[in-house]
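*Asks:* Here is a sequence together with a model predicted from it:
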Amino acid sequence: MSFINLLPHLLNGITLGLLFSLIALGFMLILGLMEQINLAHGSLFALGAYFAYALCAARLPLPPDWLAVWAGVPLIWRFAAAVIIAPILVAPFGLILERLMRRTYGRDPLYGLLLTFGVAMVIEELIRVVWGTPDYMLPVPQEISGGFIMLDLIWSTYRFWAAGMAIVAMAVVWVIVERTRFGAMVKAGAHDSEIVQALGIDLTKLRVWVFVLGTMMAAFAGVIMAPLWGIRPHMGVDAVVPAFLIIVLGGVGSFWGAAIGGLLVGMVVGLSSAYASEWSMLSMYLLLLLVVTFRARGLFGKKSVLEV
Amino acid sequence: MKTSKNSKISSGLSRRLIMKGGLLSATAAFFGPWKHNHVWAQGAKPIKLGLTCDASGQYGNSGQDDLRGIRMAIDEFNAKGGVLGRKVEWVTADTETNPATGTRVAERFVSQDQCGFLIGALHSGVANAITQVANKYGVIYFNTNSSAPSEAGENCSRVKFVWDGNGTNFSKAAVQNAVQKIGKNWLLLTNDYVWGHTTSAATKAQVEKAGGKIIDNLLVPQNTRDFTSYLLKVQQAKPDVVAMAIGGDDMKVLRQQIVSLKMDEKVAWINNQQDWPDIWGQAGTLFGVFGTSWYHKLPLPGVAEFVKRWQTAYPQSPIPVPGNVSYNGYMSTRELLRAIERAGSTNNRAVIKALEGHKMPAADRMQHFDAYIDADTHQVQQTIYLARRNAKPADPTDLFDVISWTKPETALDDAAPAKCKMKAPADIPTFDA
Amino acid sequence: MTPARRTPIFTWAMIIVWLVFASVPLWIEKVGLYHYLGVEILIFALYALAYNLVLGHAGLPSFGHGAFFGVGAYAFGLAQFNIAANLWICLAAAIGAAAIAGALVALFISHRRGIYYALMTIAFGQIFWFIAVKVHSVTGGEDGLLKIERLPVDLGLAAFDLTTNVALYYFVLAVFIVVSFLLWRIVHSPFGRVVKAIKQNETRARFVGYDVWRFKAAILVISAALSGLAGGLFSMAQASAFPDVMSLHYSGYVVMMTLVGGGLVSFWGPVIGAVAFFLARDIIGSVTTGWMLWFGLSFVVLVLFKPEGIAGIYQSLMQRRAKASAPAVAPNAQGR
């Protein structure tokens, strides 16, 4: 296959990679800064998608008159509202989860993992109870859907919009973590909690905010991915597995690890699908094995308390 | 206002009804033996059917539509006083579009709920799994809607009857014409499981027989939601025709992505079989040519009346009219209960004998040609329809424009009998249900 | 490691568990359940016991154990079709294949622990699952490997047929008795004690001179092999092998069973957990489709308040009673 034939698959891989990075980001925040594995990340992602669906398709538990007004709003505005409101609606779930997880702080990190696994299961079932088992498609406003022609092929417009939104979200997180006092405190807290507390900083409060930020990122990723992946109760698993894989690959606790790990995974999946599409998802696992065999802590990983 | 209130109640009711099926089995679980003995003592023990219908997964929607057809047939017989003077009872459980769950549910229906007959399937893997259990106990199983050619070929069974037209039937009806009129270069999009594989293999054989060529076969994993990389490959390969064997919710999403990219007019798309529940609610994404075994606006006597009966039974169904899936559920169940009447007994061997080779007049089945149950493969050989999007719908449900109907003999899967090896009737465990 | 008290070869708990299971076919239909459920419970009890060797005894959080169970199931079927339709050969194939898979995984992860161990086992579990789904020609893909027969138990002099669920149940019970006895011995052998020492403090164990890597690898291989045995039995029960037992969900279920039952504090905890899990699925599941919601909730509550599980609750009840009768007993006796 010549390069010009591969190029579309590479491009496809890059957009996919950016979206993978976006999914991994919230996971990375909580893992890297709080040293907690959040297996419920996928479920929060799914909740984001469902709330976005409720907003975009105007299926809300509101009085009929209000609902009619809301349904009359152009889809583009409903969609824009969903992108912002859905993560806010999911945030309380993150707050509750963080409260529950407090009981596991200081214990074997395994308990955090088990707790979030159980919570993931509960949220998935709650989704089934509320929305039932059928699949939903998130309606995408015409302005950003459809296709355009490039390299003689038709491309999905939304995919590029989604990749763009992923870049914006990542930039915001980067600024928060690397360029604000809040980020500096959180990072210091993850590094040495005693000193930070001795300086009079309320670590508990900080952690809550990190958790909420991670939760909102998960929900945001869910909204962005919903038009591409569809909405169904177990969509969380499709998200959490690549997320943790990217984190292990990129290195726990590294922002650039998550970003570059995601891109790498996307490109490998994209390129391998040019040759053997049905095996493309396996390529990311093989990539992971390859990387961690030679670099035990992933590409950018530092030593973490999780290893003890 | 009043209707909307009603709608709430009845949709709640219909949901509860299904749960009641479940509840009944739960109480039977605890008080079963005594309660049953009590009824048997009265003489007429009910005939119990186990309905193995998906309520979740890739075919969750279709499974519930299947169930509506099956229940309607049962209710009609009970309204006439049952079968052989016995009431027909049913239980159902979600088979989750998952073969392993299918096995467990079938085991439970046979050994715990004492079901003498099993009905229902969309997914060929689930149908296979249920068949294995049915085989072990000699319980008659009706595969209502799984159309993998292997169901009446390699995976056929003396106790299983297959009610849908299969992939080979549809290919035979569609391919030759398309190779001549549209082009010789074909690309296959195949759902990565038995039905997809066997259906695409059937299409390939027909394409090559008609002088065409398969330039690529893309395997699509089940539950794929992002088809971008496949559509890229389709565009790069530039085929004349793309033949799709993608099922259930996957097909819904694929169609939507093709239409939103406006690729529906760039190549000719043939969809082996378009199940009604997979198109309802997404009429805008219908394109290409597709197969079906029945349509609710066929210009035949009895069709309109049947649709009305169905709508009266399910006023709040999420799908407002019966489609091919519900039709197969209804027809198969009705024929089972009739066969029991013909046999005059619920003995499994006697019922099988009453079914094998049985002829069903076209008028009775509301199709264009007479159908029959193939004694060699246990497949129902029936009229195969091809349709396309209806440009001038008579009402919002009138989505299909039926363009051809093929005789069962013409669409016959003639390779199946050689592949199908059944046990002799005398070798299956016998019992009276 | 001083043999302060010898571990008894048989315990009362062991004999009671065996006897209770032996009596199940006599009453299971009377309480409205069915024999096939009994078979599934017993197989998963075996699987959970084998799994707990890694989680409870070695403290290694494997989240991809379904892979070994599944490999055993496929190996059983493939051996039946391609090598010989003999029960012992097929079971040996199930054990062998799962042991090899376990050794392969152990090679990559035995220097890891804690969360990294969990993450790597998830990755491996996904790889095995993915391969099982994809290699149609070998595994039958998503439709599973079908037509696996329940082979007769050939003892040379006599042969027993396993086609009925009751016969299969008793055969699985025989295997269960042998394996649980074996596991009991392993846990209380010098080898088992070293593994326990590694769990408590890996660095110290290394300083004392143990080759920690080897012990961790060995315990995973043993656990994988026995999980494979359970998988082989399961393929007989289902007459097929399906990929979904290898999925992340199913791997998680066995973790849940083990924890809910109390695998962290009790040898028999996983058995209690398997029973609780399947009864919940069947009884709550026949009333509402959302049974997992309730099971998941109780799992969350247990992790939060009583990670020692059902067995742990029982133990603290016993302790409280003992304390009530003799207030001198040390209050914080419960271990993890």
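*Replies:* Done, it's in.
*Asks:* Contact residues of chain B facing chain A?
*Replies:* Residues of chain B found near chain A (C-beta under 8 Å from any C-beta of the partner chain) are B:55-57, B:60-61, B:192, B:218-221, B:225-226, B:228-233, B:235-236, B:249, B:252-253, B:256-257, B:260-263, B:266. Using the backbone N, CA and C atoms, a C-beta is placed for each residue, glycine as well.
*Asks:* if you set the cut-off to 7 Å instead, what comes out?
*Replies:* Chain B comes close to chain A at residues B:55-56, B:60-61, B:192, B:218-219, B:221, B:225-226, B:228-230, B:232-233, B:235-236, B:249, B:253, B:256, B:260-263, as judged by C-beta under 7 Å from any C-beta of the partner chain.
*Asks:* If any of those residues are buried, give me the PyMOL selection for them.
*Replies:* Buried members of those, defined by 16 or more other C-beta atoms under 10 Å in any protein chain shown, are picked up in PyMOL with:
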select buried, chain B and resi 55+56+60+61+192+218+219+221+225+226+228+229+230+232+233+235+236+249+253+256+260+261+263
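*Asks:* which ones among the residues of chain B next to chain A are found in helices?
*Replies:* Among the residues of chain B next to chain A, the ones falling in helices (DSSP state H) are B:60-61, B:228-230, B:232-233, B:235-236, B:249, B:253, B:256, B:260.
*Asks:* can I get the residues you listed in JSON lines with pLDDT?
*Replies:* Output for those, formatted as JSON lines (pLDDT from 0 to 100):
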{"residue": "B:G60", "pLDDT": "85"}
{"residue": "B:N61", "pLDDT": "86"}
{"residue": "B:T228", "pLDDT": "86"}
{"residue": "B:S229", "pLDDT": "87"}
{"residue": "B:Y230", "pLDDT": "91"}
{"residue": "B:L232", "pLDDT": "89"}
{"residue": "B:K233", "pLDDT": "90"}
{"residue": "B:Q235", "pLDDT": "91"}
{"residue": "B:Q236", "pLDDT": "89"}
{"residue": "B:D249", "pLDDT": "81"}
{"residue": "B:V253", "pLDDT": "87"}
{"residue": "B:Q256", "pLDDT": "87"}
{"residue": "B:S260", "pLDDT": "85"}
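*Asks:* Could you give the average pLDDT over stretch C:19-33?
*Replies:* Mean per-residue pLDDT for stretch C:19-33: 91.
*Asks:* next one: stretch B:132-139
*Replies:* For stretch B:132-139, the mean pLDDT works out to 93.
*Asks:* any bit of it sitting next to chain C?
*Replies:* Yes - Stretch B:132-139 reaches chain C (C-beta under 7 Å from any C-beta) through B:Q132.
*Asks:* can you list contacts of that stretch?
*Replies:* Outside stretch B:132-139, the residues within contact range by C-beta atoms under 7 Å, 6 or more residues apart in numbering or on different chains are B:103, B:106-107, B:110, B:116-118, B:141, B:157, B:159-160, B:348, B:428-431, C:146, C:239-240.
*Asks:* CA-only coordinates of that stretch in CSV, if you can.
*Replies:* The C-alpha coordinates for stretch B:132-139 follow below in CSV (Å, rounded to 0.1, in the frame of the first residue of the first chain):
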residue,chain,number,x,y,z
GLN,B,132,-27.7,-27.6,21.7
VAL,B,133,-29.8,-27.6,24.8
ALA,B,134,-33.0,-28.5,22.9
ASN,B,135,-31.1,-31.4,21.3
LYS,B,136,-30.0,-32.8,24.6
TYR,B,137,-33.6,-33.0,25.9
GLY,B,138,-35.3,-33.6,22.6
VAL,B,139,-37.3,-30.4,23.1
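*Asks:* So for that stretch, what gets flagged as buried?
*Replies:* Judged by neighbour count (16+ other C-beta under 10 Å), stretch B:132-139 contains these buried residues: B:Q132, B:V133, B:A134, B:N135, B:K136, B:Y137, B:G138, B:V139.
*Asks:* State the pair within those that is farthest apart.
*Replies:* Across the buried residues of stretch B:132-139, the longest distance by C-beta to C-beta is 12.3 Å; it joins B:Q132 and B:G138.
*Asks:* tell me the contacts of residue 188?
*Replies:* Went with chain A since none was named. Here A:A188 is in contact with A:V196 (criterion: C-beta under 7 Å, 6+ apart).
*Asks:* should've been chain C
*Replies:* C:H188 makes contact with C:T7 under the criterion C-beta under 7 Å, 6+ apart.
*Asks:* the helices in the stretch 151-300 of chain A, which residues?
*Replies:* With DSSP state H, counting those that start in this stretch as the criterion, the stretch 151-300 of chain A has helices at A:157-179, A:181-191, A:193-198, A:203-229, A:235-250, A:255-275, A:280-294.
*Asks:* nearest to A:Q36, of these?
*Replies:* helix A:203-229 (8.2 Å).
*Asks:* Buried residues of that closest one, list them for me.
*Replies:* Under 16+ other C-beta under 10 Å, the buried positions of helix A:203-229 are A:203, A:206-208, A:210-229.
*Asks:* any idea which helix is longest in chain A?
*Replies:* helix A:3-34.
*Asks:* Just the closest of the buried residues of stretch B:132-139 to chain A, please.
*Replies:* B:V133 (23.8 Å; C-beta to the nearest C-beta).
*Asks:* Any idea how far stretch B:115-125 is from the middle of the chain?
*Replies:* Centroid separation for stretch B:115-125 versus its chain: 10 Å, with C-alpha atoms, centre = their mean, to the nearest Å.
*Asks:* Then stretch A:269-279?
*Replies:* 23 Å.
*Asks:* How about the residues of the stretch 201-336 of chain C by chain A?
*Replies:* Contacts of the stretch 201-336 of chain C with chain A, taken as C-beta under 7 Å from any C-beta, map to C:248, C:252, C:255, C:259, C:290, C:292-293, C:296-297, C:299-300, C:303-304, C:307.
*Asks:* Good, we can wrap up now.
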